[in-house]
Every structure is written in structure tokens, then in C-alpha cells.
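# Prediction below, plus the sequence it came from.
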Amino acid sequence: MRVFAVANQKGGVGKTTCCINLAAALGTLGVETLVLDMDPQGNCTSGLGIERKNLSKSIYHVLVEGASMEEVLVPTAWKGVHLVPATLDLAGAEVELAGAMSRENRLRRQLHCSHAYDLVLIDCPPSLGLLTVNALVAAEKILVPIQCEYFALEGVGQLTRTVRLIQGYLNEALALGGVVLTMFDGRTRLAKEVAEEVRRQFGSDVFETIIPRNVRLSEAPSFGQPISYYDPASAGADAYDALAKEVQARWFAEKR
């Protein structure tokens, strides 16, 4: 089982969109994927078609109360995609865990008891607090979405420093698993310049597939569907299908 955290300190870069649509696209390729929603906003949960108000348990109960992943797991309608959801309860988890023993390892310990999946994707909140730290401690690699806009690299430096701290004290095996360029508008010179700069800085760690700005991709979460199901003929669906194949070739060709 491979565990990847989707993280970037900066909000609005496409982390949740990436988790939802990459998981769905990988599912259609036969990769059994568990999505963990670690963001109190719960957008990954609703984006996969799960009504948060109907949930009795969530990732909060795993982190704070020691519930197993199986206790809070909910099925989705999408092939090969399973979900541990988030609710607003998660917003209080950082405070409740502040004085707890081994607070950074809560998620990793529970994941070690669950081995039924090919891949775990963790949707992190847009901050570097205790929830994100738990995700990075549990993960073997980090996937960083970067939007093709002016402040694209803002926050990546801080994220890099946090990763180094995690490597030094809590998870020495943590590594960069890849960078995904998102929200690309090929009509603008700025987007092309940002993409070039990201590739200059991160080299081969940047996936070849670029996720475009796409109206249908933006609409899909409001219908609780991944883009490959909402509009499989759209440019957004094509992009995530291509990214899933690239991810499968890169991540699953490696020795475990």
C-alpha cells in the first residue's frame, strides 16, 4: 500500500480537485484507492458525493478517539474509490490533540492497520498545522499541486522547510512524489512563464500532464461527481485520465 499526501500551504491551488479526480481516474485503471479527507471544510467528501450531515463518524474519530479506518469508511459511487470523510468536527482536532501523547503519529498508526488498498491519497488542509503534519508523517511521498498563476510558488518554500523538519524528526523516508501544474490557461503568457519556472525549479519531479482551467472541471464538485463521470468528454477529464496513467507508471513502477 502506497501513501501519498496532497499538500500545499497555499489555498486554492487545486489540492482537493486533484484528490477527487485523480482517485476516480486511477480507480477506472484498477487502482483501489482510499481517499482520506483531512480538511475540516470537507470539500473532498462532498466532491465525492457524500452528504456530510448524514455522517455519524469521520476522520476526527480516528485521530481523536482512536476509531479504526474501517469504522468510519464510507463507500462511494465511483469505481475503486473509497473514502474516510471529514466533517466540521475536525476543526477542533488540532486543539484537542495539542497535549496528546504521540499526537503527530495518530494517522500513521491507524493506517498501518489497513492494507486493503493499492493507494492512499490524503487531502491536506491549506495550512501546516497538526492535521497536515499527521498526513506528512503517515505518507511516504508528497504530491504538490501548483497553480499556473502569479503567486504560484508562494508557500512552497515554507512547505519544503516543513518537509525537511518532518524528515529530520518524524518521518525520514518522506520524499517528493511529484508536482502537478494546475489551472493552466494556455491563452496567457503568464501561465506559460509560471509553468516554465516550475519545471526549472523542480525538473523531472513535475508531471508532464498539465491540468487546464476548465468550466466543466469547476462545475463537477457541485454535483458531487469526479470529472471523469460528470463529463468524460471534457478537457478536464482528458487531463486527469492522462495524469492517472502517468502517476500509475511513475508510482507503481517503483520498488515498494
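Now that the structure is in, tell me what you want to look at. Numbers count the residues shown, from 1 in each chain.
# all helices for the stretch 151-256 of the chain, in order.
Ranges of helices within the stretch 151-256 of the chain are 156-169, 189-202, 215-219, 227-230, 235-251, based on DSSP state H, counting those that start in this stretch.
# what's the most buried one of those?
Neighbour counts (mean count of other CB atoms under 10 Å) averaged over each of those peak at helix 227-230, with a mean of 22. For glycine as for every other residue, the C-beta is placed from the backbone atoms N, C-alpha and C.
# you'd agree I142 is in a strand?
Yes. Counting by DSSP: H, G, I helix; E, B strand; the rest coil, I142 is found in a strand.
# quick one: the most far-flung residue of the chain relative to its centre from P212, how far?
Taking CA atoms, centre = their mean, the residue of the chain most remote from its mean C-alpha position is R189, at 28.3 Å. Computed with CB to CB, to the nearest Å, the distance linking R189 and P212 is 16 Å.
# In terms of pLDDT, where does the residue farthest from the centre of the chain sit?
Looking at R189, its pLDDT is 90.
# Could you number the chain from 28 rather than 1 from now on?
All set: I'll call the first residue 28, so the last point we hit is now R216.
# what's near enough to touch it?
Contacts for R216 (CB atoms under 8 Å, 6 or more residues apart in numbering) come out as none.
# got it, and G57?
G107.
# Can you give me the distance of it to V108?
For G57, the distance to V108 - CB to CB - is 12 Å.
# And for E123?
Distance, E123 to V108, using CB to CB: 29 Å.
# Over to A32?
17 Å.
# higher neighbour count, those two?
The residue with more neighbours, out of A32 and V108, is A32; 28 against 24, by other CB atoms under 10 Å.
# mind checking the SS state of the more buried one?
strand.
# per-residue confidence for it?
96.
# which parts of the longest strand anywhere in the chain are buried?
Longest strand in the chain, counting residues (DSSP state E): strand 202-211. For strand 202-211, a neighbour-count test (16 or more other CB atoms under 10 Å) marks G204, G205, V206, V207, L208, T209, M210, F211 as buried.
# Y87 is in contact with D116, correct?
Yes. With contact defined as CB atoms under 8 Å, D116 counts as touching Y87 (4.1 Å).
# hang on, the earlier thing: can you say which of the helices of the stretch 178-283 of the chain is nearest to I77?
Closest approach to I77 among those is made by helix 254-257 (14.4 Å; CB to CB).
# I'd like the average pLDDT over that closest one.
Mean pLDDT, helix 254-257: 97.
# which residues are contacting that helix?
Contacts for helix 254-257 (CB under 8 Å, 6+ apart): 48, 51-52, 55, 105, 241, 243-244, 246-247, 250, 261, 263-264, 267-268.
# What distance do you get for the residue lying closest to L217 once chain neighbours are set aside to Q36?
Nearest non-adjacent residue to L217, counting by CB to CB, 6 or more residues apart in numbering: Y177, 6.7 Å away. Applying CB to CB, the value for Y177 to Q36 is 16 Å.
# Compare neighbour counts for those two and give me the winner.
More crowded of Y177 and Q36, by other CB under 10 Å: Q36, with 20 against 11.
# residues in contact with the more buried one?
Counting by CB under 8 Å, 6+ apart, Q36 makes contact with P153, S154, L155, G182, V183, Q185, L186, T189.
# again, 7 Å this time
When contacts are counted by CB atoms under 7 Å, 6 or more residues apart in numbering, Q36 touches P153, S154, L155, G182, Q185, L186.
# any idea how far V183 is from it?
Between Q36 and V183 the computed distance is 8 Å (CB to CB).
# how distant is the host helix or strand of V160 from the center of its chain?
Per DSSP states H and E: V160 is located in helix 157-165. A distance of 12 Å separates the centroid of the chain from that of helix 157-165, by CA atoms, centre = their mean, to the nearest Å.
# contacting residues around it?
Defining contact as CB under 7 Å, 6+ apart, one finds that helix 157-165 is touched by 30, 32, 34, 65, 90, 120-121, 124, 130-135, 138, 149, 151-152, 169, 190, 193, 197-198, 201.
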